[in-house]
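> Would you be able to build a 3D model of this:
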Amino acid sequence: QVQLVESGGGLVQPGGSLTLSCRTSGFLFANYGMGWFRQTPGKEREFVATITARGITKDYADSVKGRFTISRDNAKNTTYLQMNTLKTEDTATYYCTRRTLTGRNDYWGQGTQVTVSS
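You can find the predicted model right below:
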């Protein structure tokens with residue numbers, strides 16, 4: 001079955017960096033776009049970044065543009081989110097998602113917590 005497993009979250013000081021990983025299985029990874037979303041308690045899940053199947057096109061939320069980088073390694077069935085210059089407002093649970101050709105997010109990981117605090 002399709003599985004997405006995030007890792008790499010943790011506690012980091014403002015201005016610091018983290019790299020999240022999303023290891024996948026159960027489907028042909030190279031055929032799907034992937035995305036990262038985040039959510040804080042009481043708020044809707046919000047878009048962070050997406051990447052197309054071959055990694056050619058990347059899209060970012062304005063709030064993370066220039067600080068976050070999405071990438072993928074199709075040989076490892078894994079997508080990454082490099083987060084630099086972290087701010088307290090980046091604190092959230094980060095979710096990895098699989099994206100269909102129509103842009104629908106059809107599978108989600110369980111999430112990994114990122115806390116930015118001094």
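
> Let me see the contact set for Thr52.
By Cβ atoms under 8 Å, 6 or more residues apart in numbering, Thr52 lies in contact with Gly33, Lys58. (Glycine included, C-beta is placed from N, CA and C.)

> Tell me how far the residue nearest the centre of the chain lies from Gln3.
Per Cα atoms, centre = their mean, the C-alpha nearest to the average position across the chain is that of Trp36, at 2.8 Å. Distance of Trp36 to Gln3, given as Cβ to Cβ, to the nearest Å: 17 Å.

> what about Gln39, how many neighbours?
Gln39: 14 surrounding residues under other Cβ atoms under 10 Å.

> Wait, it touches Thr93, no?
Yes: Gln39 is within contact range of Thr93, at 5.4 Å (criterion: Cβ atoms under 8 Å).

> what's the overlap in contacts for the two?
What both Gln39 and Thr93 touch, as defined by Cβ under 8 Å, 6+ apart, is the set Gly111.

> if I look at Asn105, how far off is Trp36?
Between Asn105 and Trp36 the computed distance is 11 Å (Cβ to Cβ).

> Not counting sequence-adjacent ones, nearest residue to Asn84?
Ser17 (4.8 Å; Cβ to Cβ, 6 or more residues apart in numbering).

> Phi first, then psi, for that neighbour.
With angles defined as degrees, to the nearest 10, Ser17 sits at phi -130, psi 150.

> Contacts only, for it.
Residues near Ser17 by Cβ under 8 Å, 6+ apart: Gln82, Met83, Asn84, Thr85, Leu86.

> contact partners of stretch 107-118?
The contact list for stretch 107-118 (Cβ under 8 Å, 6+ apart) reads 2, 4-14, 16, 18, 20, 22, 38-39, 83, 86-98.
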